[in-house]
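Enquirer: next comes the sequence, and after it the predicted model I'd like to discuss.
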Amino acid sequence: MRIAALEDDDAQREAIARLLVSGGHNCQCFHMATPLIAALRRETFDLLVLDWNLPDMSGLDVVAWAHKNLAPCPPILLLTSRSAEADVVAGLNGGADDYVVKPVQSGVLLARVNALLRRSYPDRTTGGVETHGEYRFNLPAEQVTRNGEPVALTAKEFGLALLLFRNVHRALSRGHILEAIWGRNPDLPTRTLDMHISRVRTKLELRPQNGYRLAPVYSYGYRLERLTEDLPEEAAE
Amino acid sequence: MSDKAAIAKPSLWSARRRVIAEWALVALAVSALVTILALSRATERADNVIFDTVSEWGVRAPHDDIVIVAIDNRSVAELGRWPWPRAQHQALLEALARYAPRAVAYDVLLVEPEATPGADEALGRALAAGPPVYLPLTFDVPGPDGAPFEVLAPIPPLAARVAGLGQVNVAFDSDGVIRRTFMIERDGSHAWPHLMSFMQAAAGRRPPPAGAGAAPGPARDLLAREEPLLISFAGPPGHFRTVSFVDVVNGATPAAFLKDKLVLVGATADGLGDRYATPLSNHTEIMSGIELQANLLDTLLTGRAISPAGPGPLLLFSLTPLALALAGFLLFRPRANLLLGAALVVATVGASALLLLHARMWAPPTAALAGLLLVYPLWSWRRLEATSAYMLQELRAFSQEPDLLSALAQRRGGPPTDVIDRQVALMHAAIDRARDLRHQVLDALQGLPDATLVTALDGQVLIANREAEALFGGAGLDPANRPVADLIAALAPEADALEIAAEAADVELAIPDGRCFAIRRTTLGEAGGAVVGWIVRFTDITALKDAGRQREHILELLTHDMRSPQVSILTLLGSSEAQAVAAPLSDRIAGYARRTLSLADNFVNLARAEADTYTLEVLDLGDALLDAVDDLWPQSSARQITVIAAEADGEVLVEADRSLLTRALINLVDNAIKYSPDGGRVDCTVRIEADQAICTITDQGEGMTPAQVANLFKRFQRVRPKGGERIDGVGLGLSFVHAVVQRHSGSIDCVSTPGQGAAFAVRLPLARG
């Protein structure tokens, strides 16, 4: 896939480029927003990886510009040193499709990039059964098996689990989840979604020990992450 | 609080109730009095004066058909001394017969036989020969031999010959004046109509009265009087056409004078016959009996008989003005009531006169007038009494109300002496307090450091303090008597002044010279709670804003500018070129970079925990704990530490900021992991205990001394593990936890024994509902 990366720090830009190339993508790097925008006017990219803080423009401005001027707008992944929750939510609400807080863990970045590409350019061959790792989703029967063992889920829990797995590594807003599972304008108690998330996490044991983490994105929604093998290693000191 | 409850504040309603009660009492008392006065005729004398006065307005020309044949001084002089012999009467009757009058009432009592033989019989013949002649009878009360009365009738030779015998009893009022008469006198067996009833019948104005020719002599029963009527006097004595007895006898009277007339014969000469005081006789002249009869006949013929009002109508008449006056007390102001009272007095008398003159009914007005005259002072007194009691109560309550600035209040004056003095003293104190309060409030307002305006409900400025005058004076405006919106517009021409002026909540207003104001509007209420205006405060928050911006800058610096180089260092160390650096060195560089990053993060988090407004939502504390444990999986799994989050029985709901609370739990679990030995175990539980949500995190690390525990939550306090630099992070972590838990109205404690690990417990209030 053709990816444009915007990062003003040389070391980080090179690291990103190296990582994306290693993931089998074609990466074009920009150190400033203006040349990127100029390139976007001429060329088409499948995905944009944008730093937030840049010398000439903010990454959010680029996101806004892209949404206004590009049709279709490619998915956008925001890289940011801003760890504050309010900043993350502002980025997502501003039009970015996902974000990664620096320092970037290479596995995480690649997983998020692939999730976005998969989402935007689906290559789905659904034969009524979807397999996500050790979990098998039988769509017509609305049944889940884990390592061949059936797990009892209600219809809503099944839908929610499937939605999370299909969007693994992707932040899903509460509004998005509610609309996908409960339909438009659902009149639900505010705790409904949290309770279903909690049950899905418990029943399917989506815990780090099992290679999954169902993480809250504060004031925004949830994201299911599949933990890659290198993560514990990186976290270790 | 109990103080306040003890001072029962008299409500306006209770005061009104008291007034109504007083009113009802006054109404009841005066109505009863009027009723008694009206029914007992206690005010008859006063009523008579009014009756007499009104009667004078009723003077009229006498009826044409009535002529009096008077036994006057001239007749006595010419015909000889009274009593006259029967022959004299016989001569008159014979003379009268020639004149052919319609009827004759011969008002001379002929109750004893005359000595001259045959004279009575001759008179009897004369009586029967001419026009119908009616003779009077009267009653002697008491009668002889213990009889209640005796009928004095003409002697039988006369009585047998006349057309009718009628009684001529008169009824004196208590002042000795004749105003009324009874048309029928009766005992158990007989009824005697009035003499004038016969004359009225003779004139064809009524059927002949029954019961004529009653037996004379002593009677058994008491005499009863019926059909009372009040005589409408046509005029004073001498009002009726009169001819002299002697002229009729001599035929000197013109024929037309007596033809077809109703002739009344009676004595008018001095010393002869009966004489009475009448309403029209002015108490100076008295009226002869025959003239009285003439007035009665005139009354009957012209249909002017006045009937006294019965008890029902009389009460209605007497009580109506009183009722109107009482209604007026409740509806009108005192001045209007005074006018109403005067009008009612005039109207009552007027109505009485009108009834008398035109409706032929006598309704004595004095009882009503007495009621009116009494009710005014009585009501004024009771009303004043009630008002005074209310004022006294209010003033007492006011004097007992806690003084706003009681320490400043100085009370003057000696002890009060009497009731009025006490009231005056109370009033004086109340006014003094109000004055003091006004001064103190104004001084307090002037002393405020913020520009403050007091406005009416429509935003018009009533009071502006010095700061406000300075603020708006700078913009060239005198704030007094202007709408707040104008002032704001002058201060910040670009702001939407109207919207800001109408906004109830706090508004920030930046003005062109760089200053920034927080505008706060609070209501100005009465004691009753009604909103009567606004207090608008302009607080200069420029410095605060600057400080806020400064803080934002520092946080920005920490979040981005300090983090960025560390991120680059880590990126470089991970790159292929970094293979040149020896692995232990590279690891230590990365470690320092991470410490710096974590320092920056902790700083930012602590600033958020202590400053930001929290977004509260209801969440399951168990979920938050699971999130925290999952978040730390990389750290715990790297050191083979098992973190066990025991499942709670159901949800443990708390109202919390999800991000901050989870971050706090992360810090606690992170600490537990850091202080645990490799391969150790951290136990986390969530449960409800004593209406509190409790989350405990227990490690099996080295533990702490009591002194260390005591200092745990102080900022930058750091528990140093013995022998080792392995544990990183700064004491900021626990300070953050402490701040977050406190902001959620919770508490945190720690139990630890050196060598046996530590247990942290976070207690939060359960979510309501």
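Expert: Nice, thanks for sending it over.
Enquirer: dump whatever helix or strand B:P634 lives in to PDB, restricted to CA.
Expert: Using DSSP states H and E, B:P634 maps to helix B:633-638. The C-alpha trace of helix B:633-638 is given here as PDB (Å, rounded to 0.1, in the frame of the first residue of the first chain):
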ATOM      1  CA  TRP B 633       0.300  -6.600  31.700                       C
ATOM      2  CA  PRO B 634       3.600  -5.800  29.900                       C
ATOM      3  CA  GLN B 635       5.200  -4.800  33.200                       C
ATOM      4  CA  SER B 636       3.900  -7.700  35.300                       C
ATOM      5  CA  SER B 637       4.400 -10.400  32.700                       C
ATOM      6  CA  ALA B 638       7.900  -9.200  32.100                       C
END
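Enquirer: just for the stretch 201-350 of chain B, where's the confidence low?
Expert: B:211-220, B:281-284 (pLDDT under 70).
Enquirer: ok, and the closest non-adjacent residue to the residue in the stretch 651-769 of chain B positioned nearest to chain A?
Expert: Relative to chain A, the nearest point of the stretch 651-769 of chain B is B:S659 (3.7 Å; Cβ to the nearest Cβ). No exception for glycine: its C-beta is placed from N, CA and C like everyone else's. Nearest non-adjacent residue to B:S659, counting by Cβ to Cβ, 6 or more residues apart in numbering or on different chains: A:Y218, 3.7 Å away.
Enquirer: the one you found contacts A:D87, doesn't it?
Expert: No - the criterion here is Cβ atoms under 8 Å, and A:Y218 misses it with A:D87 at 11.1 Å.
Enquirer: longest helix anywhere in chain B?
Expert: helix B:366-400 (DSSP state H).
Enquirer: other SSEs contacting the next helix or strand after that one?
Expert: Next helix or strand after helix B:366-400 toward the C-terminus (DSSP H and E): helix B:419-447. Judged by 3 or more Cβ pairs under 8 Å, 6 or more residues apart in numbering or on different chains; DSSP states H and E, helix B:419-447 is in contact with helix B:366-400.
Enquirer: what's the angle between the helix it packs on and helix B:419-447?
Expert: 50 degrees (axes from the mean of the first three to the mean of the last three Cα atoms, to 10 degrees).
Enquirer: could you list the low-pLDDT ranges of chain B?
Expert: Short version for chain B, where the test is pLDDT under 70: B:1-12, B:211-220, B:281-284, B:403-417, B:497-498, B:500-505, B:576-578, B:612, B:713-731, B:769.
Enquirer: just read off the phi/psi values of B:A475.
Expert: The phi and psi values for B:A475, taken as degrees, to the nearest 10, are phi -90, psi 10.
Enquirer: could you do the one 5 residues further on as well?
Expert: B:A480 adopts backbone torsions of phi -60, psi 140, taken as degrees, to the nearest 10.
Enquirer: pretty sure it sits against B:A464.
Expert: Yes - counting by Cβ under 8 Å, B:A480 does reach B:A464; the two are 6.0 Å apart.
Enquirer: neighbour count winner among the two?
Expert: B:A464 (26 against 14; other Cβ atoms under 10 Å in any protein chain shown).
Enquirer: quick one, what contacts the residue most central in space within chain A?
Expert: Central residue of chain A (Cα atoms, centre = their mean): A:R170, 2.1 Å from the mean position. Shown in contact with A:R170 (Cβ atoms under 8 Å, 6 or more residues apart in numbering or on different chains): A:D97, A:D98, A:R112, A:A115, A:L116, A:R119, A:R223.
Enquirer: state the pLDDT value of the closest residue to the first one other than its chain neighbours.
Expert: To tie it back to what came earlier, the one meant is A:D97. In space, and not counting its chain neighbours, A:D97 is closest to A:P75: 4.4 Å by Cβ to Cβ, 6+ apart. On pLDDT, A:P75 comes in at 90.
Enquirer: which residues touch A:P75?
Expert: Shown in contact with A:P75 (Cβ under 8 Å, 6+ apart): A:L47, A:L48, A:D97, A:D98, A:L116, A:L117, A:R119, A:S120.
Enquirer: how close does it sit to A:M1?
Expert: When distance is defined by Cβ to Cβ, to the nearest Å, A:P75 is 10 Å away from A:M1.
Enquirer: on that earlier part again, so for the helix or strand just after the helix holding B:P634, what gets flagged as buried?
Expert: Where DSSP H and E defines the elements, the next helix or strand beyond helix B:633-638 is strand B:642-645. Neighbour counts over strand B:642-645 (16 or more other Cβ atoms under 10 Å in any protein chain shown) mark B:V643, B:A645 as buried.
Enquirer: next: stretch A:25-44.
Expert: A:H25, A:C27, A:C29, A:F30, A:H31, A:A33, A:L36, A:I37, A:L40.
Enquirer: CA atoms only: put it into PDB for me.
Expert: Output in PDB follows, covering the C-alpha atoms of stretch A:25-44 (Å, rounded to 0.1, in the frame of the first residue of the first chain):
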ATOM      1  CA  HIS A  25       4.300  -1.000   2.300                       C
ATOM      2  CA  ASN A  26       5.500   1.800   0.000                       C
ATOM      3  CA  CYS A  27       6.300   4.800   2.200                       C
ATOM      4  CA  GLN A  28       6.900   8.400   1.200                       C
ATOM      5  CA  CYS A  29       8.100  10.700   4.000                       C
ATOM      6  CA  PHE A  30       7.500  14.400   4.500                       C
ATOM      7  CA  HIS A  31       9.200  16.600   7.200                       C
ATOM      8  CA  MET A  32       6.700  19.400   6.800                       C
ATOM      9  CA  ALA A  33       3.000  19.700   6.200                       C
ATOM     10  CA  THR A  34       3.200  22.100   3.200                       C
ATOM     11  CA  PRO A  35       5.000  19.700   0.900                       C
ATOM     12  CA  LEU A  36       2.700  16.900   2.000                       C
ATOM     13  CA  ILE A  37      -0.300  18.900   1.000                       C
ATOM     14  CA  ALA A  38       1.300  19.800  -2.300                       C
ATOM     15  CA  ALA A  39       1.900  16.100  -2.900                       C
ATOM     16  CA  LEU A  40      -1.700  15.200  -1.800                       C
ATOM     17  CA  ARG A  41      -2.900  17.500  -4.500                       C
ATOM     18  CA  ARG A  42      -1.000  15.600  -7.200                       C
ATOM     19  CA  GLU A  43      -0.900  12.000  -5.900                       C
ATOM     20  CA  THR A  44      -3.100   9.500  -4.200                       C
END
